[in-house]
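[1] what would the 3D arrangement of this be:
(one chain, ligands or ions: 1)
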Amino acid sequence: MKIHQIIKLILKKYAKNKKNKIKEIIKIIEIGINKTFDKWKQEEEIEKKLIDTIDKISKMVLNYNFPIQYFQTFVEFGCSRRCLKLYINPYTLIPRIETEILVEKAFQRIMKLGIIKKYEDILIIDFGTGSGNIALYLTKLLNNNKIKTIGTDISFNALKVAQKNSIINNIEIFLLNSQNLNMIKKSKNTFLILLSNPPYLTKKEMRKELYFEPEYALLTIRKTFFYQNLINFSIENKPSISFFEIDKKSFEKLLPFLLKNQLKYSISPLQKSIYMLEIFNIK
Ligand SMILES: C[S@@+](CC[C@H](N)C(=O)[O-])C[C@H]1O[C@@H](n2cnc3c(N)ncnc32)[C@H](O)[C@@H]1O
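    From the prediction side, this is the model:
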């Protein structure tokens with residue numbers, strides 16, 4: 001069967017002839033025949049074994065909304081500044097554009113505040129590192145050997161992915177399989193930069209399109225649970241600055257805690273109803 005015939009078949013079988021699915025189908029075929037679109041030949045015949053693979057991937061992606069990125073196995077992150085190539089698998093969340101913007105905004109704030117110049121030792125902690133995207137991207141952008149970066153995660157499988165990404169991108173980060181940041185001891189003079197995109201959805205908020213990503217990466221028992229613990233850690237480990245990805249509802253619920261503790265914070269939009277919460281603890 002020729003490529004154009006396969007496209008027609010997949011459109012008919014899994015996309016009810018929806019022409020807006022063509023881009024996705026082209027990606028599926030690229031994965032199936034392991035060749036990018038620009039290298040295809042119009043009249044190329046595709047062998048039966050590969051057509052079966054394309055059919056299976058199409059069914060998963062187009063019928064069941066299985067994320068195509070898990071078949072692609074590599075995604076790009078941070079390409080507006082310094083591209084990272086990230087390996088991902090179903091143990092890790094697929095890195096999102098809002099998280100990329102979060103890291104870029106955090107980077108700009110760190111530079112504006114002159115933190116790198118002012119402090120001799122800097123420790124970056126990325127809580128819930130997943131594929132390592134936040135830890136690796138910020139370390140790459142700051143590019144300074146005063147900085148030590150630690151990524152933590154509850155999932156050992158996610159940490160294996162982050163480790164692989166550290167090697168692929170040639171960026172040194174330390175990885176810790178832990179839920180408890182108190183295991184990390186820093187000296188009084190070290191400046192802490194804490195970042196996290198923690199799980200922030202409740203079971204009720206779970207959406208169909210997130211079904212195939214790991215629950216432990218998405219769900220929390222209480223909207224404010226991770227934020228309060230992380231903020232307490234950042235207060236205990238002053239001087240520090242923290243950057244969190246947060247949705248509107250979590251922020252509203254967290255606000256009384258921020259006010260009660262008289263914390264200096266700012267909130268800025270990332271995408272849709274997702275925000276960056278920044279907390280600054282110098283003294
Ligand atoms: C929303 S994902 C973020 C992943 C990645 N940082 C990103 O932005 O794409 C949350 C991450 O937190 C991790 N996680 C969940 N509960 C945790 C806990 N109690 N302690 C440490 N990490 C946890 C999950 O395994 C997951 O990798």
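
[2] where do the strands of the stretch 151-283 of the chain begin and end?
    174-177, 191-196, 240-247, 264-271, 274-281 (DSSP state E, counting those that start in this stretch).

[3] quick one, the last one and strand 191-196 angle?
    For the pair strand 274-281 and strand 191-196, the angle between their directions (axes from the mean of the first three to the mean of the last three CA atoms, to 10 degrees) equals 160 degrees.

[4] what pairs with strand 274-281, parallel or antiparallel?
    strand 240-247 (antiparallel), strand 264-271 (antiparallel) (DSSP bridges).

[5] how far off centre is that strand?
    Distance of strand 274-281 from its chain centroid, counting by CA atoms, centre = their mean, to the nearest Å, is 17 Å.

[6] contacts only, for the residue of the chain most remote from its centre.
    Note on the chain: the largest C-alpha distance from the chain mean falls to residue 43, namely 39.1 Å (CA atoms, centre = their mean). Contact analysis of residue 43 by CB atoms under 8 Å, 6 or more residues apart in numbering lists residue 2. C-beta coordinates here come from the backbone N, C-alpha and C atoms, glycine included.

[7] can you name the residues bridging to residue 148?
    residue 123.

[8] tally of neighbours for it?
    16 (other CB atoms under 10 Å).

[9] any idea of the pLDDT on it?
    You'll see residue 148 listed with a pLDDT of 98.

[10] quick one: it and residue 122 touch, right?
    Yes. Assessed by CB atoms under 8 Å, residue 148 is found in contact with residue 122 at 7.3 Å.

[11] I'd like the strands paired with strand 274-281 laid out as TSV, including distance to the ligand, mean neighbour count and mean pLDDT.
    What follows is the strands paired with strand 274-281, written out as TSV (distance: least, CB to the nearest ligand atom, whole Å; neighbours: other CB atoms under 10 Å; pLDDT from 0 to 100):
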stretch	distance to the ligand	mean neighbour count	mean pLDDT
strand 240-247	7	24	98
strand 264-271	12	14	97
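
[12] TSV please, covering those and showing distance to residue 31.
    Output for the strands paired with strand 274-281, formatted as TSV (distance: least, CB to CB, whole Å):
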stretch	distance to residue 31
strand 240-247	29
strand 264-271	27
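
[13] check contacts around residue 280.
    241, 264, 265.

[14] err, residue 269, not the other one
    Residue 269 makes contacts with 275, 276, as judged by CB under 8 Å, 6+ apart.

[15] distance of it relative to residue 65?
    27 Å (CB to CB, to the nearest Å).
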